[in-house]
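Undergrad: No sequence on hand, only this structure:
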């Protein structure tokens, strides 16, 4: 799946590693736009658990370097652009 440019692929640019071999990988623009939800939907999380990358922090979470982490014990939930934690009370 090439876009017609030699040396490029649909996944990113060709780059040389330390040994001089070409390798494929996402370019910097693609890495900034990566979004994925790490935690299992409605899964139990504790403070410090990684929930998502590239999402905005919602209630019960905090963000550090583009990653969203749980700040409370609760159930992980994804709502549109937000990762949140529904706190368990007891």
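TA: Alright, I've got the coordinates. Predicted, not measured: the structure shown is a model, and the values here were computed from it.
Undergrad: Can you list the residue ranges for strands in this protein?
TA: All strands of the chain, identified by DSSP state E, fall at 13-16, 22-25, 36-37, 44-45, 50-53, 56-57, 61-64, 67-70, 74-79, 82-87.
Undergrad: Paired strands for the fourth one, with orientation please.
TA: Translated: strand 44-45. strand 74-79 (antiparallel) (DSSP bridges).
Undergrad: before we move on, what about the third one?
TA: Within its sheet, and counting by DSSP bridges, strand 36-37 is paired with strand 50-53 (antiparallel).
Undergrad: What are the buried residues along the partner strand?
TA: 51, 52 (16 or more other Cβ atoms under 10 Å). (C-beta placed from N, C-alpha, C; glycine too.)
Undergrad: How about residues contacting it?
TA: 34-39, 45, 61, 66-70, 76, 78, 83, 85 (Cβ atoms under 8 Å, 6 or more residues apart in numbering).
Undergrad: could you flag which of the residues you listed are buried?
TA: Using 16+ other Cβ under 10 Å, the buried members of the contacts of strand 50-53 are 37-39, 45, 61, 67-70, 76, 78, 83, 85.
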